[in-house]
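**Q** Using only what follows, build the 3D model:
(4 chains)
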There are 4 protein chains.
Amino acid sequence: MTNDVDSKPLRCAVVGLGYWGPNLVRVLHEIPEAEVVYACDLEPKQLKKVGARYPVVSLTTDYDKILADDSVDAVLIATKIGSHHALAEAALKAGKHVFVEKPMAASSEQALELIELAERRGLTLMPGHTFLYSPPVDKCRELIQSGELGEIYFISMSRVNLGKHQPDVSVIWDLGPHDFSILGYWLEETPVRVSAICRSCIVESIPDVAFIDLEYPSGTIANVELSWLAPSKLRRTTIVGSRKMIVYDDTSNEPVRVFDSGVNTPDPATFGEFRITYRVGDILSPNIEAVEPLQSELADFCTAIRLGSKPRSSARLGLDVVELIEAIDASIQAAVAPASTLQVPV
Amino acid sequence: MTNDVDSKPLRCAVVGLGYWGPNLVRVLHEIPEAEVVYACDLEPKQLKKVGARYPVVSLTTDYDKILADDSVDAVLIATKIGSHHALAEAALKAGKHVFVEKPMAASSEQALELIELAERRGLTLMPGHTFLYSPPVDKCRELIQSGELGEIYFISMSRVNLGKHQPDVSVIWDLGPHDFSILGYWLEETPVRVSAICRSCIVESIPDVAFIDLEYPSGTIANVELSWLAPSKLRRTTIVGSRKMIVYDDTSNEPVRVFDSGVNTPDPATFGEFRITYRVGDILSPNIEAVEPLQSELADFCTAIRLGSKPRSSARLGLDVVELIEAIDASIQAAVAPASTLQVPV
Amino acid sequence: MTNDVDSKPLRCAVVGLGYWGPNLVRVLHEIPEAEVVYACDLEPKQLKKVGARYPVVSLTTDYDKILADDSVDAVLIATKIGSHHALAEAALKAGKHVFVEKPMAASSEQALELIELAERRGLTLMPGHTFLYSPPVDKCRELIQSGELGEIYFISMSRVNLGKHQPDVSVIWDLGPHDFSILGYWLEETPVRVSAICRSCIVESIPDVAFIDLEYPSGTIANVELSWLAPSKLRRTTIVGSRKMIVYDDTSNEPVRVFDSGVNTPDPATFGEFRITYRVGDILSPNIEAVEPLQSELADFCTAIRLGSKPRSSARLGLDVVELIEAIDASIQAAVAPASTLQVPV
Amino acid sequence: MTNDVDSKPLRCAVVGLGYWGPNLVRVLHEIPEAEVVYACDLEPKQLKKVGARYPVVSLTTDYDKILADDSVDAVLIATKIGSHHALAEAALKAGKHVFVEKPMAASSEQALELIELAERRGLTLMPGHTFLYSPPVDKCRELIQSGELGEIYFISMSRVNLGKHQPDVSVIWDLGPHDFSILGYWLEETPVRVSAICRSCIVESIPDVAFIDLEYPSGTIANVELSWLAPSKLRRTTIVGSRKMIVYDDTSNEPVRVFDSGVNTPDPATFGEFRITYRVGDILSPNIEAVEPLQSELADFCTAIRLGSKPRSSARLGLDVVELIEAIDASIQAAVAPASTLQVPV
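**A** Take a look at the predicted model:
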């Protein structure tokens, strides 16, 4: 943790070179704040691919070798969820700063352990909630936090696609962290009530579709649809506020659309009557700069290390996400005794 | 209840000339099976409007006058939900066939009473679930019931719009009957489990947004989003089957789109491995004839009266819908003691 | 031509009750400034339909009867193009104000004759260019005329659909008047150069698809695509200005979209180099009130009669449109000796 | 020109490393049929970028060095249009096979010279009309050539975008080759008549918007809109046939949509009457495999060299494109004396 303007690039090791890890390697190469010194995976084939593109990177299947190298500043973990805790714990114990892909750990207990360990050692621990660095997500937060939308009545989110069934975790653990971290970033609160329904359509005991209801202390409610089974990709979020509304669609050329529409405050002239009138105004698609979120995210990781600052994607937020998923899982388990069972007359 | 091919048009009275009633008058005029002899409303202004366009129709504010007129075959009720039961009961007791707008009654007890009364008197009682007569809805049913979609994994529905807050009932009672009747028509089963979240954003104690989760005996799950608050009109339903998938969008020029996509059955060659592959095939928008659903619906009402047949929008289905809404309301009440409360560590 | 505030509704006769005429009858009934006293058509079947809905209207197949009735103030002509001139001329000679559907006449000579006749008699003559009263078209004009778009570089228009082949005129005479009147209204100039290509795909010698190029004195160029043959309805116009750009789509819920995009003025710092940079800004969909254009148009006709004012859809503009279509037809004829014939080496 | 199955990869040199050249380098690396031995550009900065990613490639600013190297089989030219002829000629004279970006040369005379030179030397000369290898374009050709669309009535194409003004050539020379080569590939004929309108909005004498009309021997007509100025990217082509119609949109997830719609053949029962009826049927979006066109294109180049076969993007087709552009330019010049000048009465 230094604050040295002229400091050299951080020396990083990337662990896990499956789907996402190679992106970490690429972006760390592209930003001036960092350099990749090690790439680590148990699969020699994956190592070879990375080596072909980045000959200067040392390839290894031996994680301990990285931990033993004092010149390594930080370890970035992009392995399966089940190994996050063990790998991060070892790295922190070896005095390395740690970036760990979302979700941060396989349980809130594990996540909390990592947070406490990092705090004790004075090291940066950052979960990879990349969407917090997406310019459209950030634009929405700005509109929410500035009060431009008014009170946030409710949020409806769909993140569905055909594909990417995971062998070890449900769609809630896989896709949910995106939406849950976004909600936390936007609303700056955590839900007080959670309920969910899900189904394991393809693989037994691995839910691949889920509908999740959330209720926040402020009164905001949210519905999140997650699925690996869908006719087409959908990344659509609607935010309904008392003043304005937003449609945020990550697949669109106009990712954020602001609707100046809503309910008018009742006219005193019609006091006593039930008369609600509506206001339909302009629709604005603000131009949003094209920045790769992963680049901003890894730059934030480097800054956090250098300045000892808290990254936007903080360990606290990472823990909130894991706790929320646990509560959702609990709600699903509890549904064996459902809140309301329909008695159908025969 | 006659079966006379050469019979004269049914003599109908329309009660309630607010938003929907005038459509009943118009369509009854357009179809050969019926004629409108009375239009009834407590508001003289509403009567006058109808009278201006249909001078042959007798206008009255006195419902009893209609019931006392022996030449009237059927009464069609398009009043507020709270008066459905009383008006329908009186008409049945006066020996009239009854068509009553959805939802059929304000409680399942009331609905059941009406059903029993109609059965005892040998009269037709039909709730106005117009969407069952919408050609796209019917096309979806055909694809589901023929097995072309395979097993129905899940259904996701959104029916949202800015506007039309009702002074007396929630969005669940107002918009829900559309989706719940469609689901019943498609799946031919009723949910075994229900849970919901809602919020009264604008008027106290009148929920204007709701997210409803349903679970059917076959395993199908469904999520229904209903709202009078939304940036733009959405009438989007996704049906995910094991063989094919459908997007049904009532606002689109191509209301039904069939996606020949899904998960492939695992390859024996990779037996033992976790390897799921996906199939992305053609997308088909079948041409769908443009028929006004209300016309088919009222023709079905006339046929049911003449032949004593069961209309597609049957009283039984109407009762199912009311029971489902009651279960949803119960689920919302029960949520004071939620299935899973999140304990956020401080 | 009176200016009497308390004046009675204008007494109108509608001639021609095919596709469009019944709309004139309906809207004249709806606006307070007018009433329909006669409906005239050679087909008794068409008369009967109108009579059924509007019992107070006198039905006749005898045009002369209308002209002889001194109580009739105005005649509205919605017949086939070939009869516009004769019917309008007779009405003007009988001292009636005349509204005639677009295009005003079958030749510029005929149109000019009508204009001169109306002027001599002090009567209002107005062609029915309804789109000039469409709120989105008006919004575009406002943005163009206020200078907000900057210099208008070019306009690209598509008006295509499957259907409505006319037996007597080409698609240029049928659909062209919409776009040509809109262009005249927006740009307030008439083209100096015209060229076109067309094809008679279905009926010999009746072009059903045409691509028309226009060049205006200000430098603006335009391309207009017209067709009765198309996979789907398209009403899309792009206006490219030096400051902003517009997409006007008559079939969209957001009919006018304003793009704050363009080319930046060159940076003096890079003077000497060829370096063009682009500006991509916000996109705005202004809310546009929903008003039926035909209502505004007929109200404007009534005002023009009462005040002796020039209606927005003026006879002069109607003549411009006919002249432009004649020039397009001439360009197509001249193309037997095309501007540039390709010599393909064998 | 050998036909050796076990042959080694072709040794290639890429000349011109601006916008497109690096893609040639990348794809040549990815396909087994070729390898990149040289990369050549006058700008050391551009060379350096390529060198960083492909250390095995020899970098040079000296084109002659490449020509002198007997181990080089083929030269791929991605420089500005003005230099195509000189570079290609030198390469052919040095016995190299040549791939040259579209348009093949700056004049048909130059293109013809290259063709004759290549033929004399028995070398492959191939222009880079990449879109001929795009799966959606190929799908359209299949539907056209198989007769499934029936007679091709007309084609309407838009290729517009904000950006990429070229300093040396018009939008017709820059974007036109895409659409003109596609039309040639689809229709297998060359236009007999050409006319066009254009405007130089931003840079004097460099047209940045053009509307081009084409007429083919078979009767098919086409309209092509090209522009570097547009509110949003548009790559939309409509093909209207006598049996079916296609919308091909290169920016869509469903790039080819087949509409089973059209005009019915007249009913003999209504013979004598003018009665055209329309058929609106299903819409199909065939699934189209995702293959990078450039990969197929360069593989075709390699095959053409090995087998002496004619590549799909043939030199003949490349010449046709250049001749068509010359005819368009001539049409624009001739328009000083336009086919039809509008005489506007004052």
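**Q** Give me the neighbour count for the residue nearest to A:His178 when sequence neighbours are not counted.
**A** Once flanking residues are discounted, A:His178 sits nearest to A:Phe131: 5.2 Å by CB to CB, 6 or more residues apart in numbering or on different chains. Using the backbone N, CA and C atoms, a C-beta is placed for each residue, glycine as well. For A:Phe131, the neighbour count with other CB atoms under 10 Å in any protein chain shown is 20.
**Q** and A:Phe131, what pLDDT?
**A** A:Phe131 is assigned a predicted lDDT (pLDDT) of 98.
**Q** Spit out the contact partners of it.
**A** By CB atoms under 8 Å, 6 or more residues apart in numbering or on different chains, the contact set of A:Phe131 is A:137, A:178, A:181-182, A:293.
**Q** Quick one: classify it as helix, strand or coil.
**A** The local conformation at A:Phe131, judged by DSSP: H, G, I helix; E, B strand; the rest coil, is helix.
**Q** What subset of the contacts of A:Phe131 is buried?
**A** A:137, A:178, A:181-182, A:293 (16 or more other CB atoms under 10 Å in any protein chain shown).
**Q** Quick check: nearest residue in space to A:Tyr185, chain neighbours excluded?
**A** If the residues on either side of it in the chain are set aside, A:Tyr185 comes closest to A:Leu132, at 5.0 Å by CB to CB, 6+ apart.
**Q** My understanding was that the one you found contacts A:Pro311; is that so?
**A** No: in terms of CB atoms under 8 Å, A:Leu132 does not count as a neighbour of A:Pro311; the distance is 9.0 Å.
**Q** just for the stretch 201-346 of chain A, where's the confidence low?
**A** A:266-274, A:336-346 (pLDDT under 70).
**Q** tell me which parts of it are close to chain C?
**A** Counting by CB under 8 Å from any CB of the partner chain, the residues of the stretch 201-346 of chain A close to chain C are A:254, A:260, A:280-287.
**Q** Within reach of chain B, which of those are there?
**A** Subset of those in contact with chain B: A:280, A:283, counting by CB under 8 Å from any CB.
**Q** Neighbour-wise, give me the winner out of the residues of the stretch 201-346 of chain A next to chain C.
**A** A:Ile283 (23 neighbours).
**Q** now that one, which residues is it bridged with?
**A** A:Phe259, C:Ser285 (DSSP bridges).
**Q** And for A:Arg235?
**A** Residues in beta-bridge contact with A:Arg235 (DSSP bridges): A:Arg159.
**Q** shouldn't it be in contact with A:Ser158?
**A** Yes: using CB under 8 Å, A:Arg235 makes contact with A:Ser158 at a distance of 7.3 Å.
**Q** where do the helices sit along chain A?
**A** Along chain A, counting by DSSP state H, helices occupy A:21-30, A:44-53, A:63-68, A:81-93, A:108-121, A:135-145, A:171-174, A:176-187, A:293-307, A:315-334.
**Q** in the second one, what's buried?
**A** Within helix A:44-53, the residues that qualify as buried by neighbour count (16+ other CB under 10 Å) are A:46-47, A:50-51.
**Q** What angle do helix A:21-30 and it make with each other?
**A** Put simply, helix A:44-53 runs at 20 degrees to helix A:21-30, going by axes from the mean of the first three to the mean of the last three CA atoms, to 10 degrees.
**Q** Contact partners for the residue of the stretch 1-150 of chain A found nearest chain C?
**A** The minimum distance from the stretch 1-150 of chain A to chain C, using CB to the nearest CB, falls at A:Lys139 (11.5 Å). Contact partners of A:Lys139, counting by CB under 8 Å, 6+ apart, are A:256, A:286, A:288.
**Q** for chain D, what are the nearby residues on chain A?
**A** Taking CB under 8 Å from any CB as the contact definition, chain A meets chain D at A:53, A:55, A:232, A:253.
**Q** now that we have those residues, which one has the most neighbours?
**A** Neighbour tally across the residues of chain A next to chain D (other CB under 10 Å): the maximum, 18 neighbours, falls on A:Ser232.
**Q** ok, it touching B:Phe259?
**A** Yes: in this structure A:Ser232 lies within contact range of B:Phe259 using CB under 8 Å: 7.1 Å.
**Q** With C:Arg121 as the reference, measure out to the spatially closest residue to A:Ala90 that is not a sequence neighbour.
**A** Leaving aside its sequence neighbours, A:Ala90 sits nearest to A:Leu67 (CB to CB, 6+ apart; 6.1 Å). As judged by CB to CB, to the nearest Å, A:Leu67 and C:Arg121 stand 101 Å apart.
**Q** Show me which of these two is the more surrounded one.
**A** When A:Leu67 and C:Arg121 are compared on other CB under 10 Å, the one with more neighbours turns out to be A:Leu67, at 18 against 15.
**Q** wait, what's in contact with the more buried one?
**A** A:75, A:90-91, A:94, A:96.
**Q** give me every residue that touches A:Gly262.
**A** For A:Gly262, the contacting residues are A:150, A:241-245, A:278-279, B:162, B:229, by CB under 8 Å, 6+ apart.
**Q** just for the stretch 1-150 of chain A, where's the confidence low?
**A** Using pLDDT under 70, the stretch 1-150 of chain A drops low at A:1-6.
**Q** let's go with 50 and repeat that
**A** Low-confidence segments of the stretch 1-150 of chain A, defined by pLDDT under 50: A:1-5.
**Q** Looking at A:Arg235 and A:Ser158, which one has more neighbours?
**A** Using other CB under 10 Å as the criterion, A:Arg235 and A:Ser158 rank with A:Ser158 on top: 24 against 18.
**Q** looking at it, that one is touching A:Lys233, isn't it?
**A** No: under the criterion of CB under 8 Å, A:Ser158 makes no contact with A:Lys233, lying 10.0 Å away.
**Q** For whichever residue of the stretch 1-150 of chain A sits closest to chain D, which non-adjacent residue is closest in space?
**A** Evaluated by CB to the nearest CB, the stretch 1-150 of chain A has A:Pro55 as its residue closest to chain D, separated by 7.1 Å. Computed as CB to CB, 6+ apart, the closest residue to A:Pro55 that is not its neighbour in sequence is D:Pro55, at 7.1 Å.
**Q** Nice, that's everything, thank you.
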